[in-house]
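Give me a 3D structure for the following:
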Amino acid sequence: MPPAADHPPPGRRPGRPAAGDGGSAGQREQLLDAATELFAQRGVAATPIKTIATHAGVTPALVHYYFRDRDQLLDAVVDERLQPLVEQVFAPASADGADPAAMLVGVAGRLIRTAAATPWFPGLWIREIVGADGQLHQRVLHRIALQRAGLVIAPLAAARARGEINPGLEPALLMVSLIGLTLLPLATAHIWRRLPGAGAIDSEALVRHVSALLAHGLGVPPELQPVPAAPPSA
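Next up, the predicted model:
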């Protein structure tokens, strides 16, 4: 008879970590990282649980142990991977001051730097959130995006009403433009880096480029700026 140590503990299911296993939390994080990276590369629909398990070097049973079903896994990706990054970008916006241009430039800079430091972020956002068929679209829209976008759109709308930004701008579309100026270049870098002179452009150069576009585009055109009142006559 083989030694008792060769048998799993009583009641342990196949693929389930042993009780008290110090690596259990690490295994869950590893699986979540693997799922997030694969979703960004292939899309959620094209990434079965078996592929995630293979990428993480575990069995599919272990994936199901940590994530009861596919919906729970998608919820974890949104809540534990995407939401912290979005908070990192938007939470400081209220501290950027009353200047709407400074606020938007600050959001853009943080978004570029955060996305550049998290290689899966731009691809996942463009593929699964911007895309109408993305399986994370509704989760992110209702849990994160609408609320955070509102915190930026409201002060921009108020600034336009006061004549402080270009009246030709639509505050709601500024958020769309912001995504296009920040995440899209990072997600498509493999294409535009082939352009003449583009090979040396890094994330900080992109921050400067986007900041210049936003700062000057938000400004009120000279012909629409209020005329200073004439000084009172003596």
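
What segments of the protein are helices?
Using DSSP state H, the helices of the chain run over 24-42, 49-56, 60-66, 70-76, 83-90, 100-116, 120-124, 137-140, 146-161, 171-187, 189-192, 203-218.

Reformat the ones you listed as a markdown table; add mean pLDDT and distance to Val130.
Heads up, the C-betas are built off the backbone N, CA and C, glycines and all. Output for these, formatted as a markdown table (pLDDT from 0 to 100; distance: least, C-beta to C-beta, whole Å):
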| stretch | mean pLDDT | distance to Val130 |
| --- | --- | --- |
| helix 24-42 | 92 | 13 |
| helix 49-56 | 96 | 23 |
| helix 60-66 | 95 | 27 |
| helix 70-76 | 96 | 17 |
| helix 83-90 | 92 | 14 |
| helix 100-116 | 92 | 13 |
| helix 120-124 | 94 | 10 |
| helix 137-140 | 91 | 8 |
| helix 146-161 | 88 | 13 |
| helix 171-187 | 92 | 7 |
| helix 189-192 | 93 | 17 |
| helix 203-218 | 90 | 17 |
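
the domain parsing of the chain - what is it?
The chain breaks down into these domains under automatic domain parsing: 24-67, 77-219.

ok so, going back, could I get the helices of the chain as a markdown table with mean neighbour count?
Converted to a markdown table, the helices of the chain look like this (neighbours: other C-beta atoms under 10 Å):
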| stretch | mean neighbour count |
| --- | --- |
| helix 24-42 | 18 |
| helix 49-56 | 17 |
| helix 60-66 | 18 |
| helix 70-76 | 16 |
| helix 83-90 | 16 |
| helix 100-116 | 21 |
| helix 120-124 | 22 |
| helix 137-140 | 17 |
| helix 146-161 | 16 |
| helix 171-187 | 18 |
| helix 189-192 | 11 |
| helix 203-218 | 16 |
